[in-house]
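Novice: missing the sequence, but the structure's below:
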């Protein structure tokens, strides 16, 4: 049984584990004040070409989303997200648990645009409703799509005009930035969003997301919020070492690129076999639509999520590749598909 | 510079890292549903001699405290803690951030007793005040003391009579249970408290606390709460492996025992040199009272917290030992102390 | 300018004010423990024919909704409401501010049915999502429609089968129960819902809603929650006197009946003039669809909300009648409409 | 039985009820946008001599405290109060329920001074603790004492130097400002505190507190917070009329003055009879220390709170006078006391 269920099925890239071992008995301060975390932060800032951003290392995506959003908003302010946005449906009401409504917008492609935002603003007119304040986008999105630079620029301008905070969930940012269709660089992000995070967990780290706060007004006292929400690890060194290795050279991008390549291979071969897809994803999550009996057959050898019923005979499945996906398993999957689809 | 600042200065016990590496490329399910976590849970249950408890692995102490307490209490209910209790002063209002007051009681020895609790109940008489509901104790306490079995039995009986939940913060439970003065076994805890956790981070794990819920009425839907509060790690395997190694044999207790031994060595030698202590600690945190100039001298070679001023010439310092503390460094510290104290 | 904007434009029914004055200098205990509140509670219980319910008097609808829902739910549990439900859009995120997500369902008629609920349950499958727990319905609804007895029975059975709490917002319960299409009695409600409230503010009281908790498991410590959320008025006597007068005889129903009659008059006359309505409302809120220039004309003499654009020439307006609406003003409105519509 | 239990035993000053009746059938907008509320706000601003403050009318003290404090603080920030402060013990954790810790300070006289504040700041040194941000004081205090102008100036300067918000709970502000020992005027308050409220409920209103926000940075979007917390009454006119009458002339001060006079009469007579007092109160709450058997005797004819045991023979009781307290009842109480004390 080989798994295409997600991009966190394996542990960490071996280089990270090696460094964990090599540094294991060095004594370091706790709570992110260790030398490794500090160095990781410096490497990320260097990669961004910015010294004026704050970088914090947190343990996971939900933790990062809830800590940042709760820190950024006043009690009556709300986040806006697509209905497929991770904070809207897959974080057990984590944002609401900090007191804030998440306003959802239905979209086809998992992406927010300025029309969506204008609609939300037009609807929320007075103090009987929450005040929309933070725009939550994921890149890549929960259905594999990505934001292009002009789209982000439009969102940025809209947010500037309307006093909104633009926040990017980057749990799969590596996959977005190394996508064949991407036109953005990591260093452009601080100019486009108020805060974003660089996902480690889904791109080869054992654990960890690096939150980058670009907007000065959002930086104050942020470490208090991490501690209050339970995200300040005593052995912060563990987080430091993840990002130290990912950003010491190009490992972060290489791993994401591998994941994308594996997805593209799957996509190309399936498309050649006339398979249609639920979404037009250029990243490491693809959603082929397959006959139900083919899906059953594949489930004998592969683990993956059946995403949604398309009609009575067909369903979309989700295949996720990662830094650790083996090319021979991709080939085997294709071959097995072809046998079953005959 | 050698550090006695805390018990999380180093990484993890090497055996844990070895297992991380050995299992690294196995594919596992996420969010604690991996085989390692499940096996770790089974090992802990076996060690407790109980199949009727629920065990959850979380990333850190504050995370565990806030998730458990918020899950256990209704909105108007409050926790009771000593003023030195970790949730009262050292978690940035994490419990209050989930909506609950922490009622504090001043104590000499960092331990709650039934008189304290009766006083709190007597004071909180009606709906204009919060309803005291959960008794939060730490074992070992924040100042190194431990609860003896008769003390816990009294608390248990008091809680039963008054409908209170007894919750034990076990961030340093290993050190308590292996203390020379301890009369408790791990397997007795489910009979004494409603929930407790077994601290990994401060006893040789990279990360991780194992929450044990003993009271059936507190078990329902607990995983929802972990997810909502951001504590459900995608690569839950990392937590599983920590506790798998700690409880595969006696490693958990051996590590704690080493830490205690090192603290005892320090204590004995300092006591022999007529040093007094701020608290009567039989665990891995000791608080010797030293002349200020001796403290200054020691700070040239050792890192530690200056805990509090005792009088104009003397202060108490906190020395913390761990599974990784080296006996020769303890010896060196003693020697340096003696030189300075002459 | 005469206002059909809402049902709280005037003060209170004169009898209530008279009693306020007559009782003004009697000394009473505070916080709802006064004799008037106690008598009002008894009158309501008598009217319900139930001694086994708890009745609490609160100041307003949002206060009642947020206090009850926060008291009834555990942190990971969510409310289900229609997208037009008051808690979903018109209470500034009051429910979310207590930590709970409100899951919304789009409906045509402002009413939840078991299909809606089943859909929500089917979607929320595991601990990565909130747990749907409380079904929030309004009767009459925000768009004037009402629940019939068979509909409520189906909801009740569904909730029983699925462990859900059924909560009825009765801000306009009087109007629902005296509607010409209604088949429910007040005394049947405790057998159908777990909790509901009887709206005073929109039915002739100065202030006040009477929350009735029918399900024993929801009753415990409820006064703590009222106090914590700021709803326990020091001079609770003021609330007591409202409901004392409303339920001393049939005043509550008479006032609602008058409001409905006035709405029906408007509706009948407009319908006779071939006006169409946005919703099929048998209560005191109606939504006629009028030509924009007619609306403009009416706005010279009448205040009302323009509810929504229907097409480029027509919009729906909301006309609300109340216990205080004057029949001659209704007649004048009809006449003015006819002149403008010619 | 005559009650000295509190200052909200009776209804409202008759003039308020008269105006309620006179204005009853005027149609007004809801939610505080009615003409009476607007006029009341203007009268209060005029009395303050300030057009640059925001005034909001809310229903009660706990509601006002929790709405203001939650609106003013970020999640990691805490309030500082005396241990006798209303928010610390008598509001069922209302502040904590909005996510904020209340740090308490023990005092003799119920008043915070700069030494207390400095102690709190010195203790809260880093992100492992909450950040003290708002100083909560009550004037008059919960034990009847008042703040003098130099004391407030010192607090103001301390808050300015340390970036703290100074918030005054004025539930009994009338009594403070008309105390024989008072040296403050209402119009000086905006220069001394960042926000405060003028208590109506305990000074002759049926209901209502007028929150005055002086600091511009705290004003933004405040109505959203009132609505979210359930404090925006549909018939806001009711609140408007209370303050309209209280501030149309000097009624607010006259009522408070009467309450103080009655308390002073009690105090003088008891002091002449050699009674000692628990606190040195120049306002409408006094705390005479009486023999237990005298207390029992008085309880036959008078209602009051037994405040605390002083020794085995004596206890302090609390006598509260109000705008409605009758001089002959005060005289009767004194006489009865004298008989019993013989």
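Specialist: Great, that's in hand. Predicted model only: the values in this text are computed from it and were never measured.

Novice: Where does the stretch 201-342 of chain A get nearest to chain B, which residue?
Specialist: Scanning the stretch 201-342 of chain A for proximity to chain B using C-beta to the nearest C-beta identifies residue A:230 as nearest, at 3.3 Å. (Glycine included, C-beta is placed from N, CA and C.)

Novice: Can you give me the neighbour number for the residue lying closest to residue A:214 once chain neighbours are set aside?
Specialist: Closest residue in space to residue A:214, ignoring its immediate chain neighbours: residue A:190 at 4.1 Å, by C-beta to C-beta, 6 or more residues apart in numbering or on different chains. Applying the criterion other C-beta atoms under 10 Å in any protein chain shown, we find 20 residues in the vicinity of residue A:190.

Novice: any idea where the strands of the stretch 201-342 of chain A begin and end?
Specialist: If you assign secondary structure with DSSP state E, counting those that start in this stretch, the strands in the stretch 201-342 of chain A sit at A:209-213, A:276-277, A:285-286, A:288-291, A:302-303, A:305-309, A:314-320.

Novice: Can you name the residues that contact residue A:318?
Specialist: For residue A:318, the contacting residues are A:4, A:285-287, A:304-307, taking C-beta atoms under 8 Å, 6 or more residues apart in numbering or on different chains as the criterion.

Novice: Using TSV, lay out the residues you listed together with neighbour count and distance to chain C.
Specialist: Formatted as TSV, the entries for these read as follows, by neighbours: other C-beta atoms under 10 Å in any protein chain shown; distance: C-beta to the nearest C-beta, whole Å:
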residue	neighbour count	distance to chain C
A:4	27	19
A:285	26	16
A:286	28	21
A:287	21	18
A:304	19	17
A:305	15	12
A:306	14	12
A:307	18	13
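
Novice: I'd like those laid out as a markdown table, including distance to residue B:239 and pLDDT.
Specialist: Listed next are the contacts of residue A:318 as a markdown table, based on distance: C-beta to C-beta, whole Å; pLDDT from 0 to 100:
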| residue | distance to residue B:239 | pLDDT |
| --- | --- | --- |
| A:4 | 24 | 98 |
| A:285 | 25 | 98 |
| A:286 | 30 | 98 |
| A:287 | 30 | 98 |
| A:304 | 25 | 98 |
| A:305 | 23 | 97 |
| A:306 | 28 | 97 |
| A:307 | 28 | 95 |
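
Novice: Wait, a strand at the residue nearest to residue A:214?
Specialist: No. Secondary structure of residue A:190 (DSSP: H, G, I helix; E, B strand; the rest coil): helix, not part of a strand.

Novice: what separates the residue most central in space within chain A from chain C, distance-wise?
Specialist: With distances taken as C-alpha atoms, centre = their mean, chain A has residue A:171 as the residue nearest its mean C-alpha position (2.1 Å). Look at residue A:171 and chain C: by C-beta to the nearest C-beta, to the nearest Å, they are 14 Å apart.

Novice: contacting residues for the closest residue to that residue other than its chain neighbours?
Specialist: Once its chain neighbours are removed from consideration, residue A:171 has its nearest residue in residue A:199; the separation is 4.0 Å (C-beta to C-beta, 6+ apart). Contact partners of residue A:199, counting by C-beta under 8 Å, 6+ apart, are A:61, A:170-174, A:209.

Novice: tell me the contacts of residue A:333?
Specialist: With contacts defined as C-beta under 8 Å, 6+ apart, residue A:333 is in contact with A:2, A:4, A:266, A:298, A:302, A:319.

Novice: ok, now residue A:234?
Specialist: For residue A:234, the contact set (C-beta under 8 Å, 6+ apart) comprises A:30-31, B:6, B:8, B:60-61, B:201-202.

Novice: Residue A:267: how many residues sit nearby?
Specialist: Residue neighbour count, defined by other C-beta under 10 Å, stands at 22 for residue A:267.

Novice: mean confidence for stretch A:273-282?
Specialist: Mean pLDDT, taken over the full extent of stretch A:273-282, equals 96.

Novice: Endpoints of that stretch, how far apart?
Specialist: Taking C-alpha to C-alpha, to the nearest Å, the span from the opening residue of stretch A:273-282 to its closing residue is 18 Å.

Novice: who touches that stretch?
Specialist: Everything outside stretch A:273-282 that qualifies as a contact, by C-beta under 8 Å, 6+ apart, is A:109-110, A:140, A:143-146, A:179-182, A:260, A:263-264, A:267, A:270-271, A:286-290, A:307-308, A:310, A:316, A:337-338, A:341.

Novice: Work out the gap between that stretch and the centre of the chain.
Specialist: Centroid displacement of stretch A:273-282 relative to its chain, using C-alpha atoms, centre = their mean, to the nearest Å, is 21 Å.

Novice: quick one on the thing from earlier: in helices only, show me the contacts of residue A:199.
Specialist: Among those, the members found in helices (DSSP state H) are A:61, A:173-174.

Novice: Among the residues you listed, which one has the most neighbours?
Specialist: Among these, residue A:174 has the most neighbours (other C-beta under 10 Å), with 31 neighbours.
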